[in-house]
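**Student:** I'll drop the sequence and a predicted model, then ask my questions.
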Amino acid sequence: MAFNARNAFAFTAVASLLAAIVWATMGSGLPPADFTFGNLSEVKSFDPAIISGQPEGNIARCLFEQLTQRHPETLEPMPGVAESWEVSEDQLTYTFHLRKDALWSDCSPVTADDFHYGWRRLLGPRTAAEYAVLAWYIKNARRYSRGGSGISPGDPVEVELNLPLDAINSLRGELLHGKLVSLDNDLDPDRRTFLVEIDGQQHRFDPVDDQDAVGPPPAGARWCRQVLLDFREVGVQVLDSQTLRVTLENPTPYFLQLAGYYPFSPVNRRCVETHGNPQWTKPENIVSNGPFNVQFRRIRDRIRMVKSETYWNRDSVRLNVVDALAVESNSTALNLFMTGKVDWIQTVPPAALRIMLKQDPPRDDLNPAPYISSYYYMLNTTRKPLDDIRVRKALSLALDREEICTKILAAGEIPAYGLVPPGLEGYSGATCAAEDPEEARRLLAEAGYPEGKGFPRMDILYNTDEAHQTIAELIRKQWQRELGIQIKTRNEEWASYLSSHRQMKYDVSRRAWVGDYADPSTFLDMMVTGGEQNNTGWSNAEYDALIEQAARESNPEKRRQIFRQSERILMDELPIVPIYFYVSKNMVKPYVRGFYNNIENLHPVWAMWIDRDHKGPNEFMKGRP
Amino acid sequence: MIAFCLRRALWMVLTLWIVFTATFFLMRAVPGGPFDGERALEPEIEMNMLRRYNLDKPLHVQYGLELWNYCRGDFGHSFKLGDYTVNQVIAEGLPISIALGLLALGFAVSLGLLAGITSAVCRGGWADVALMLVATIGIALPSFVVAGICIIFFVFLIPLFPAAGWGELNQLVLPALCLGAPYAAYIARISRTSMLDVLSQDHIRTARAKGVGPVRVVMVHALRGALLPVVSFLGPAIAGILTGSLVVEQVFAIPGLGSHFVYAALQRDYTLAMGLVMLYTVLLYSMNWIVDLSYAVLDPRVQLE
């Protein structure tokens, strides 16, 4: 017995080892991709409505095409699915004419209805899309998105009825159109009921989830999924299958750029409604309309995409097979790049970057370039002594930003004296005063802390990261040196740090913002009173009014004037202390062509190709000696 | 034996429940939630998201709902890998971690035994000292350091292996080696001690007196007895290798459970983190169980009580 058991034990051990080797190498023999890039992390989804973030964006831009496209170098909007468009005099109405040869990957044509469906889906409250915010520039879109909170008596509404529990979860229930008569319990969204007049009859609706709608409703009421503003009120109108008319809330000069952003993708209704959420995004199910199709996806390994044979502009797509690797560790990504397994990585660990930038002769695969992003410290103006404008000014004046940029960062980062980064067309921002320790000491003394005496204990909060830590330490030293104040640094891991931010549990905190589109508003809108990103407690009525005014202004020059004024206020009151503007840290192999540095750090893969015979610097290295 | 297994199964259910409860409440006590991002969400949108995942309900209701789902074997959808259910993530990641773990174990056992036996036989000689020195260093060095050294040597200086990835034979060598290294060191020390112990026993002397050759004495007569402590170490080693592959998987970009676990915890992916904690609990528990059973099979002196 014992002898057999031992034999069996040894046998099992060897067999399982062999099985493991065989299983693990089954994936080998995968033909290599034409182009492989490190995509920072695993993407949340392929569903263009529910994603946000850079890795997701890289994939979504390959799989879906929107009304417009961005030029890979200048980022000018170019025809995408729409071959032409007209803008009305008041810049509120856009009429898009869709091309006839735009096809889905199942060969059916891409029509205006697909955009209507996709955009409604983006805005629908049940989708819970983070980037629905971007579509709120469309007329009434925000009210639609807010569901029951966005309507008031007298509004035309749509009532979505419940579906049986076994229905496919992406289907919408039957829609009833009517007029809202009144709302009950309108403070508590969970107990709210709606009195709606439909065809002259009044019905009371009680919104519940499908699983709760099985039982009988309370007396005199009907169950429904939700009551919303009638979508026909939202400024998205299908004129015919080839024409889409979009009406905006305000003149939005960057709307054509937005229309090329992935949340505004068309979505194939048949695919979504056949497979349901989230199964429709599985590689075997998904129907997309972009330059590439997904072939397969291995979680936290790679997404393989192949050139689409139905894409209208397929002749200009030169890559056939593209791999996006979900390599989360920057060092690992760099190792892969160095050993030639990856052709493009999107960031480089700071230590390696410093060494590589000093190499002689200069490297032919590294070219940091500025892009619209801003690194700053937020000051909690609800806490003493940061509520005193003199203290905030003193802190800013005592900073030596040049030292931070040259000593720590060293990739050509630009010292920042304003919130809005340079490079936006026609806009030159307002700035705060440069380093002046004398004046800083004077202001601090005036505020009651001569030579930093009696200055309360404060700390600088940053999220755990080597670069943020070094900067915080240096700033701590600068403040101590110039102002004589004692400050500590405190780090928290990312999610905790965000939560501390939201609850304003900090004195000074590091923060950064990357613009969603090339316009000052993406930065300046943040700081309005009660803004979601304004966790400083700062509020200024004049500033809020200016931002409001800018949103309605259709003259670009006047608009920029207003933004400059508002940034002036921000830089006078300094609820935030600008520190520097980021540079992109892409590394691109010299044989990759069609890759351009640009101010949104946006790199469409369809524009790239491989040219191993190419001699000399490629497009990416332009502007570097 | 049956009574033993039944009792163990009962304890397992209890352990799982306690681990579930502790994880559930600890995870929610940590600041930050799954939908916190650099961009703060508009309140309406955040509310919709919370409602969609039942996170708007009171904590005890959430707890009840999730416990019920777990009892039915439904681990829910991953918050951060929106296209996948937790079961799908585990189904893709577990085989990879198991394969990596087995390879690491293969390295650990073969290298460890070889080193342990050699140094026991050459006791006090230079080979013994050198091997045990290496073993001590192997135990002391954390795996990310070993990984870093291996990458410098075998990827950049002598380009034998790729820097990262999964699926090809040559991609397996470095991660398996780094993951197995500390266990190889342990096994070397354990097998050396038990080998020395066995070699000094009467039946070995008898065998030698009967004229059995030195190789046969060591490889047949002594090794059998000396293996038992090594086998009993395998249980914890397997569990340790499976749950300890977090760092190695990250360094070599291997899409196994270790990577999923780290990112699930960091990104507050409640459902995925919970699923993995429960899976690891089951793995650890059943490994110990199997080891206890294997004692009874391998050593007739052990009675299961």
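**Tutor:** Sure thing, it's come through. Computed from a predicted structure; not experimentally measured.
**Student:** for chain B, which helix is longest?
**Tutor:** Using DSSP state H, we find that the single longest helix of chain B is helix B:86-121.
**Student:** residues touching A:L122, list them.
**Tutor:** The contact partners of A:L122, by CB atoms under 8 Å, 6 or more residues apart in numbering or on different chains, come to A:49, A:129, A:131-132, A:135, A:263-264. Glycine gets a C-beta too; all of them are placed from N, C-alpha and C.
**Student:** ok, A:I151 next?
**Tutor:** Neighbours of A:I151 in contact, by CB under 8 Å, 6+ apart: A:143, A:157, A:180, A:183, A:227-229.
**Student:** swap in A:D465?
**Tutor:** Counting by CB under 8 Å, 6+ apart, A:D465 has no contacts.
**Student:** quick one: pLDDT of it?
**Tutor:** A:D465 is assigned a pLDDT of 84 by the prediction.
**Student:** domain assignment for the chain?
**Tutor:** All of this is about chain A. A:5-44+A:291-368+A:584-621, A:141-233, A:370-582 (automatic domain parsing).
**Student:** I was after chain B.
**Tutor:** B:17-71, B:87-298.
**Student:** which residues of the stretch 51-200 of chain B lie near chain A?
**Tutor:** B:51-52, B:77, B:80-84, B:89, B:92-93, B:95-96, B:98-100, B:102-103, B:105-106, B:109, B:151, B:155-156, B:159, B:162-169, B:172 (CB under 8 Å from any CB of the partner chain).
**Student:** buried ones among those residues?
**Tutor:** By neighbour count, with 16 or more other CB atoms under 10 Å in any protein chain shown, these hold B:51, B:77, B:80-84, B:89, B:92-93, B:96, B:98-100, B:102-103, B:105-106, B:109, B:151, B:155, B:162-168, B:172 as buried.
**Student:** show me where pLDDT drops low in the stretch 151-300 of chain B?
**Tutor:** The stretch 151-300 of chain B contains residues with pLDDT under 70 at B:297-300.
**Student:** hang on, A:M526 in a helix?
**Tutor:** Yes. Per DSSP: H, G, I helix; E, B strand; the rest coil, A:M526 lies within a helix segment.
**Student:** next, the contact list for A:L98, please.
**Tutor:** Applying CB under 8 Å, 6+ apart, the residues near A:L98 are A:67, A:81-83, A:110-112, A:241-244.
**Student:** from the residues you listed, which land in helices?
**Tutor:** Members of those lying in helices (criterion: DSSP H): A:A112.
**Student:** buried among the contacts of A:L98? Need that as a selection in PyMOL.
**Tutor:** The PyMOL command for the buried members of the contacts of A:L98 (criterion: 16+ other CB under 10 Å) is given here:
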select buried, chain A and resi 67+81+82+83+110+111+112+242+243+244
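**Student:** tell me which of the contacts of A:L98 fall in strands.
**Tutor:** Residues of the contacts of A:L98 located in strands (DSSP state E): A:82-83, A:243-244.
**Student:** which among these gets closest to chain B?
**Tutor:** A:L244 (24.4 Å; CB to the nearest CB).
**Student:** so that closest one touches A:F115, yeah?
**Tutor:** Yes. Counting by CB atoms under 8 Å, A:L244 touches A:F115, with 5.4 Å between them.
**Student:** which neighbours do the two have in common?
**Tutor:** A:67, A:236.
**Student:** and for the closest residue to B:R123 other than its chain neighbours, the neighbour number?
**Tutor:** What sits nearest to B:R123 in space, not counting adjacent residues and going by CB to CB, 6 or more residues apart in numbering or on different chains, is B:L196, at 6.5 Å. Using other CB atoms under 10 Å in any protein chain shown, B:L196 has 16 neighbouring residues.
**Student:** and B:L196, that one's in a strand?
**Tutor:** No. Counting by three-state DSSP, B:L196 is not part of a strand but helix.
**Student:** out of the domains of chain B, which gets nearest to A:A333?
**Tutor:** domain B:87-298 (8.1 Å; CB to CB).
**Student:** check which helix or strand covers the residue nearest to B:V291 when sequence neighbours are not counted.
**Tutor:** Spatially, and ignoring its direct neighbours in sequence, B:V291 is nearest to B:G235 (3.1 Å; CB to CB, 6+ apart). Using DSSP states H and E, the element containing B:G235 is helix B:223-243.
**Student:** list the contacts of the helix or strand following that helix.
**Tutor:** Using DSSP H and E, the helix or strand that follows helix B:223-243 in sequence is helix B:246-251. Helix B:246-251 is touched from outside by A:328-329, A:331-332, B:97, B:100, B:142-144, B:147-148, B:151, B:164, B:175, B:178-179, B:254-259, B:261-262, with contacts defined as CB under 8 Å, 6+ apart.
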